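>>> coordinates only, no sequence provided:
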């Protein structure tokens, strides 16, 4: 895995094809996970992932390194997803986008593992559905994607203080929700 400075060096030497291969290998899972969260359909997410890398490759010569590659790819992917969602809305083909039930599960996994993942994805969807969009997005980027507040701030164009507040509020809401859910199960 090459560092961002290694990729920047490849770009400065005019080796954009090699740099793009490194970017795709390093960030394919990241871009796909963003796309699937927005699109809620694996096929749509795969299409968006491809589009994101095509768009990134086409604009690779304009990437100045002022932000992290991950931040740049997030912005590209998010914009493509929002455009695709808007297009689906206009066409009347929008499915629910507030659930988290699409996970790419390899076919060779055992049934118990699939059931556990399915149960977890339902539980996770249930938890995420209580959060407003900004809190949900901040929570996922911070907790699931393990991004720094600085990276999230660049991606979303929000202040670090605002992000920390969103994250804290999300944690509080989730904790309250889980406590109430636990109490209901013990009744």
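Cool, got the structure. Remember, predicted model here, so these are calculated numbers, not experimental data.
>>> what comes up buried for stretch 147-164?
147, 149, 151-156, 158, 163 (16 or more other CB atoms under 10 Å). The way it works is simple: take the backbone N, C-alpha and C, and place the C-beta from them, glycine included.
>>> so which of these belong to strands?
If you go by DSSP state E, the buried residues of stretch 147-164 have nothing in strands.
>>> quick one: the helices in this protein, in order.
4-12, 16-39, 42-58, 69-91, 111-129, 133-139, 149-156, 160-185 (DSSP state H).
>>> orientation of the last one relative to helix 149-156 in degrees?
Relative orientation of helix 160-185 and helix 149-156, computed by axes from the mean of the first three to the mean of the last three CA atoms, to 10 degrees: 100 degrees.
>>> measure the most centrally placed residue in the chain to residue 173 for me?
Note on the chain: the residue nearest the mean C-alpha position is residue 34, at 2.4 Å, using CA atoms, centre = their mean. To residue 173, residue 34 is 22 Å away according to CB to CB, to the nearest Å.
>>> how far does stretch 23-30 sit from its chain's centre?
12 Å (CA atoms, centre = their mean, to the nearest Å).
>>> first vs last residue of stretch 55-73, how far apart are they?
End-to-end distance of stretch 55-73 (CA to CA, to the nearest Å): 9 Å.
>>> okay, now the domains of this structure?
1-97, 106-187 (automatic domain parsing).
>>> report how many residues lie close to residue 88.
Residue neighbour count, defined by other CB atoms under 10 Å, stands at 16 for residue 88.
>>> got it, and residue 52?
26.
>>> how far away is the closest residue to it other than its chain neighbours from residue 55?
Leaving aside its sequence neighbours, residue 52 sits nearest to residue 77 (CB to CB, 6 or more residues apart in numbering; 4.4 Å). Between residue 77 and residue 55 the computed distance is 9 Å (CB to CB).
>>> more crowded one of those two?
In terms of neighbours (other CB under 10 Å), residue 77 is the more surrounded of residue 77 and residue 55; the figures are 28 against 15.
>>> pull the contacting residues for that one.
By CB atoms under 8 Å, 6 or more residues apart in numbering, the residues touching residue 77 are 31, 34-35, 48-49, 52.
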